[in-house]
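Colleague: show me how the following folds:
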Amino acid sequence: MEGKQQPPQREPGPGELKVPGAVGEEPRSEGKDAGADALGRPLGPTPSQSRFQVDLVAEAPRRASGEGDASGKGSEEAKGRFRVNFVDPSAGDESPSEPGGGGSSEGANVSFQNGGDTVLSEGSLHSGGHHHYYYDTHTNTYYLRTFGHNTMDAVPRIDHYRHTAADLGEKLIRPSLAELHDELDKEPFEDGYANGEEGTPAGDAAATYTPDSKGIVKFGWIKGVLVRCMLNIWGVMLFIRLSWIVGQAGIGLSVVVIAMATVVTTITGLSTSAIATNGFVRGGGAYYLISRSLGPEFGGAIGLIFAFANAVAVAMYVVGFAETVVELLKENGTLMIDEMNDIRIIGAITVVILLGISVAGMEWEAKAQIVLLVILILAIGDFVIGTFIPLDSKKAKGFFGYKAEIFMENFGPDFRKEETFFSVFAIFFPAATGILAGANISGDLADPQSAIPKGTLLAILITTLVYMGIAVSVGSCVVRDATGNVNNTIITELTNCTTAACKLNYDFSSCQTGCHYGLMNNFQVMSMVSGFAPLISAGIFSATLSSALASLVSAPKIFQALCKDNIYPGFQMFAKGYGKNNEPLRGYLLTFLIALGFILIAELNVIAPIISNFFLASYALINFSVFHASLAKSPGWRPAFKYYNMWISLVGAILCCIVMFVINWWAALLTYVIVLGLYIYVTYKKPDVNWGSSTQALTYLNALQHSIRLSGVEDHVKNFRPQCLIMTGAPNARPALLHLVHAFTKNVGLMICGHVHMGPRRQAMKELSTDLAKYQRWLIKNKMKAFYAPVHAEDLRDGGQYLMQAAGLGRMRPNTLVVGFKKNWRQSDMRDVETYINLFHDAFDIQYGVVVIRLKEGLDISHLQGQEELLSSQEKSPCSKDVIVKVDYSKKAETDTSVAFVPSSSERTSALHKDLKSPSSPLNLTDQRLLDASSQFQKKQGKSNIDVWWLFDDGGLTLLIPYLITTKKKWKECKIRVFIGGKINRIDHDRRAMATLLSKFRIDFSDIMVLGDINTKPKKENIAAFEEMIEPFRLHEDDKEQEVADKMKEDEPWRITDNELELYKTKTYRQIRLNELLKEHSSTANVIVMSLPVARKGAVSSALYMAWLEALSKDLPPILLVRGNHQSVLTFYS
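Modeller: I've put the predicted structure just below:
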């Protein structure tokens, strides 16, 4: 094809898209050199760096090299079809493979044939540096066709819903809305991920990567779950303690004990099944299930104690094994040192061997488990066979075979040595645990969703039947007490026999209190009954070692999953996995050391109840998770396993908590304290994760229900709260404004930070979504109880109107507009001042109160913020690692960058981030003062005054705001002083009237001052300064012709007319005079709160109103000019 003439492109017909070759495409020349492909596209990434590059294929039939060989239809090209190339921006300048060059090329070949199923070539699974997908239906160069039509729209398929770093297969990225919807001559903006889905910077690369699955061991439901659960549930208890429990509780109550334990474990099994089938389950077992359901707080707490419990359980099981071995050594008189040290030696050796098996890999561990299960089943079979062959030699020890007399005698309870039903239950219950052994290795299961329910529930059923069967059979064969003495046979018939042994011609009455045999006295009853006693010992070994092995594998897997989520940053080193199976070797070593430590202590009677309680706490939380998720009614809660009920799960959770206290009350309290402590720690640390937990779902549901309930209630003056819409621009640009408003809205009212974006709509829309997440995070990080609300508008006034009308929800809507004072209004474009003043008029029209805040140093610190601070607020958004750039976007500006427009000030800067001052560079004095002023409300305010100049009754907002400020910790030492206007001849009367009003409002004040000289004419120099200030903004219509003056007023409505100045002379003088009084009385106050003068709409020009505000508030401490909406916000009625 090289050098051949490019056929002319036709215009697309009706219904077809016209698509340029690439963004920034150059006109195509007649001849093409080797640097371009057959379509004349430049090789390598185009300037767009977009994932989709759409080329219109030429109409004329032609052959691409190699096409004919591949399909036999290469001579015909589709007319006007689209070729869609997925371009990886990371591919650099390397050339993609030639589109016609056969299937072995580096580019992955994908087809949407057969209803959209992807056909992948071998090369696509392990593609190298670039990932270029070419679509077609009949050649090596694939064309994208959905339902046989030319469209980029993708059909539904599983690969679109995978996580970015999915380990089950490729994540394919569907075309974004922008790519389908945006105008074609513009570059689509950044790729969007699905709601709440975590993206990675290397998202595109990860999307095309499929891990090598060779050598990874995955288990089915029998080997992975059933075998493990059965081995873990059948413990030493089966062989050593079950006969004793039957002796104490009797057959009837023993069955009840087993049934009660089974109820708890079955409910937990059903709950586990429900959670495990509600989406793909990764490694981490109980921790993964709980954390993804209830969130990182509960998950992190339970994950740590569950991993620890499994590690200590290894020690418990190994010591159980070592004790049995030492018993055998003792019987044969071959102890090494003494009993305690022998247990330590044998335990240590055993745990080293178990570690070796675990580290060798999951396959070896699974084989070992199978061998142990076979031994265990043989041991149980050995016992069952033994019950049918009663030997005379065993009768003296209490074993007579199945006898109705023994069954009847042993059916009822016979509690001795202060044992009770609940103490016996507490001893048995740990034998029923172990149901999570399969779930704990969820990451190593081929299909956890199907394996966990099947394996766990079947294991509970089988083990329960075996426990009950053995309890009944041992209770039917063996009497409670026996001497073991063959000479205790009864030779003469006794007529008054009461015991079963007596009826069977044995008299064991001689040792009612001190017998050594029988159910009550001999723990080795099963060995005695069995056909071949050593097999029972092998069964005990098998039960203990298999449980130890399962726990030794579970603990590191759970701990690794916990560390991967980085909930406890100090444990991050244990997240690393090794080999094909990602084995947590460091976790194995840690578990080994913990187990070895507890084996050497060898005091397990103290530890055992705590471990049981740790397991029960995790069971309780799994049950609670199901209840909570069902209660939250989250659309994402759709378990494939349907046999669960939220109320049964709640009962299961409560039962688990009760059983914890039954087993050991102090261990239960200790468990609660530890879980609560870890919960508080994780909540305080706030791990940066979002798993869509049911806690989030329930929080949303509660908020929604309460908002709806609230909207049905009429507002009442007693419940009035200042709900503020603050025009902050970017929230971190005006911290002082934010902190001062936060002082009277925190935990009291709503606070919304409004931010009006102007400039090109497309660019602004892109910024809106990134800013929303970024600045809301910034507010949370800075402990601001506020919402961030960005809008796009043509100008500030429109944006302000949109926010005032639409911000909020139901009754939670703003009622007060807060703006910063426009400090540089005299240097600004007066159209901006007109817009700023119109915000006030609009607010009053919508029945809002208005608060204007002025600091003499200014509010906007955006030009001082260093890169570090800005980057820290952006650290979560991988796409934008740059500093916020503020660029002037006035009509004259020829730039294309959106500006975070600032309502309260037009101190706009056009400094790019390279010109931003970093905190380390020296600041000039003005900037230093500005920076200090911006943080002044974050400090404790000390004993000072808040001066309230309540000159006009606006409904009480001017008084309510300072009162609310004084309720906060930082301001509680401040006193309120109230200043009011009055007449000189009735100052005392006015003071008493105001004191009465304030006491009825129950508002504390330190002083009331009545100002009788407000209407005194101000000083001449101040009047002159005011006139000089307004001179540039006057119209001077008396000096101009009528027509010229009218035209000028029409073009510049903000200008001050002579008539207007004369009309409002008194009001002007009042503002100047008030400023003099403020300087006289309130120059030392921490904050001044003063009534805001109101200008009549259409009568007072913007420049004059602005001049009034300037004259009133200049050279003063921080001042809030407040005007309520003239509806009462205070009441003295109860």
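Colleague: quick one: buried residues of the helix or strand containing residue 347?
Modeller: Residue 347 is part of helix 339-360 when elements are defined by DSSP states H and E. Neighbour-count burial for helix 339-360 flags 342, 343, 344, 346, 347, 350, 351, 354, 355, 357, 358, 359 (criterion: 16 or more other CB atoms under 10 Å). Just so you know, the C-beta spots here come from the backbone N, C-alpha and C atoms, and that holds for glycine as well.
Colleague: next helix or strand past the helix or strand containing residue 254?
Modeller: Taking DSSP H and E as the definition, one finds residue 254 inside helix 242-276. Sequence-wise, the next helix or strand downstream of helix 242-276 (DSSP H and E) is helix 285-294.
Colleague: using PDB, write down the CA coordinates of stretch 383-397.
Modeller: Taking Å, rounded to 0.1, in the frame of the first residue of the first chain, the C-alpha atoms of stretch 383-397 are listed here in PDB:
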ATOM      1  CA  PHE A 383     -15.900 -46.500  67.500                       C
ATOM      2  CA  VAL A 384     -19.200 -47.300  65.800                       C
ATOM      3  CA  ILE A 385     -18.100 -50.900  65.100                       C
ATOM      4  CA  GLY A 386     -16.800 -51.200  68.700                       C
ATOM      5  CA  THR A 387     -20.300 -50.400  70.100                       C
ATOM      6  CA  PHE A 388     -21.700 -53.600  68.600                       C
ATOM      7  CA  ILE A 389     -19.000 -55.900  70.000                       C
ATOM      8  CA  PRO A 390     -19.300 -55.800  73.800                       C
ATOM      9  CA  LEU A 391     -16.500 -57.800  75.500                       C
ATOM     10  CA  ASP A 392     -16.800 -59.200  79.000                       C
ATOM     11  CA  SER A 393     -13.500 -57.600  79.800                       C
ATOM     12  CA  LYS A 394     -15.000 -54.100  79.100                       C
ATOM     13  CA  LYS A 395     -18.100 -54.600  81.200                       C
ATOM     14  CA  ALA A 396     -16.300 -53.900  84.400                       C
ATOM     15  CA  LYS A 397     -15.400 -50.600  82.900                       C
END
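Colleague: returning to what we had before: how far does the helix holding residue 347 sit from the chain's center?
Modeller: 41 Å (CA atoms, centre = their mean, to the nearest Å).
Colleague: same check, this time on stretch 246-262
Modeller: Worked out by CA atoms, centre = their mean, stretch 246-262 lies 44 Å from the chain centre.
Colleague: sorry, back to before: now for the helix holding residue 347, which elements pack on it?
Modeller: Judged by 3 or more CB pairs under 8 Å, 6 or more residues apart in numbering; DSSP states H and E, the packing partners of helix 339-360 are helix 296-331, helix 362-387, helix 533-564, helix 585-601.
Colleague: just put those in a markdown table and tack on distance to residue 1008, mean neighbour count and mean pLDDT.
Modeller: Putting the helices and strands packed on helix 339-360 into a markdown table (distance: least, CB to CB, whole Å; neighbours: other CB atoms under 10 Å; pLDDT from 0 to 100) gives the following:
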| stretch | distance to residue 1008 | mean neighbour count | mean pLDDT |
| --- | --- | --- | --- |
| helix 296-331 | 50 | 24 | 85 |
| helix 362-387 | 81 | 18 | 86 |
| helix 533-564 | 62 | 25 | 86 |
| helix 585-601 | 70 | 19 | 87 |
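Colleague: for residue 861, which of those is the nearest?
Modeller: Smallest distance to residue 861 across the helices and strands packed on helix 339-360 (CB to CB): 34.4 Å, for helix 296-331.
Colleague: out of the helices and strands packed on helix 339-360, which comes closest to residue 577?
Modeller: When the helices and strands packed on helix 339-360 are ranked by proximity to residue 577 (CB to CB), helix 533-564 comes first, at 6.5 Å.
Colleague: report the angle between the axes of the closest one and helix 339-360?
Modeller: 60 degrees (axes from the mean of the first three to the mean of the last three CA atoms, to 10 degrees).
Colleague: for helix 533-564, what is the distance to the chain centroid?
Modeller: 33 Å.
Colleague: now stretch 436-453
Modeller: With CA atoms, centre = their mean as the basis, stretch 436-453 stands 24 Å off its chain's centre.
Colleague: tell me the buried residues in it?
Modeller: 436-445, 448-453.
Colleague: inside helices: which ones of those?
Modeller: The members of those that map onto helices under DSSP state H are 448, 449, 450, 451, 452, 453.
Colleague: now for residue 721: which residues touch it?
Modeller: 745, 748, 749, 750 (CB atoms under 8 Å, 6 or more residues apart in numbering).
Colleague: among those residues, name the buried ones.
Modeller: 745, 749, 750.
Colleague: from these, which ones fall inside strands?
Modeller: Among the buried ones among the contacts of residue 721, DSSP state E puts none in strands.
Colleague: rebuild those residues as TSV, extending it with pLDDT and distance to residue 504.
Modeller: Shown next, in TSV, are these (pLDDT from 0 to 100; distance: CB to CB, whole Å):
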residue	pLDDT	distance to residue 504
745	85	85
749	85	85
750	87	84
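Colleague: which of these lies closest to residue 365?
Modeller: Using CB to CB, the buried ones among the contacts of residue 721 come closest to residue 365 at residue 750, 57.0 Å.
Colleague: nearest residue to that closest one other than its sequence neighbours?
Modeller: Excluding the flanking residues, the one nearest residue 750 by CB to CB, 6 or more residues apart in numbering is residue 723, at 3.8 Å.
Colleague: list the contacts for the closest residue to residue 664 other than its chain neighbours?
Modeller: Take residue 664 and drop its neighbours on the chain: the residue closest to it by CB to CB, 6+ apart is residue 609, 3.6 Å away. Residue 609 makes contact with 426, 663, 664, 667 under the criterion CB under 8 Å, 6+ apart.
Colleague: could you look up the SS state of residue 677?
Modeller: Counting by DSSP: H, G, I helix; E, B strand; the rest coil, the backbone at residue 677 sits in helix.
Colleague: identify the residue spatially nearest to residue 1011, adjacent ones excluded.
Modeller: residue 981 (5.6 Å).
Colleague: tell me, how many residues neighbour the one you found?
Modeller: Neighbourhood size, residue 981 [other CB atoms under 10 Å]: 19.
Colleague: I'd say it and residue 987 touch.
Modeller: No. Using CB atoms under 8 Å, residue 981 is not in contact with residue 987; the gap is 10.6 Å.
Colleague: shared neighbours of these two, which are they?
Modeller: residue 1010.
Colleague: mind showing which ranges of this protein have poor pLDDT?
Modeller: For the chain, applying pLDDT under 70 flags the ranges 1-150, 163-170, 184-215, 486-498, 510-514, 602-605, 865-922.
Colleague: what kind of secondary structure is the residue minimising distance to the centre of it in?
Modeller: Most central in the chain under CA atoms, centre = their mean is residue 690, positioned 2.5 Å from the mean C-alpha point. Under three-state DSSP, residue 690 falls in the coil class.
Colleague: how about it, phi and psi?
Modeller: The phi/psi pair for residue 690 (degrees, to the nearest 10) reads phi -140, psi 110.
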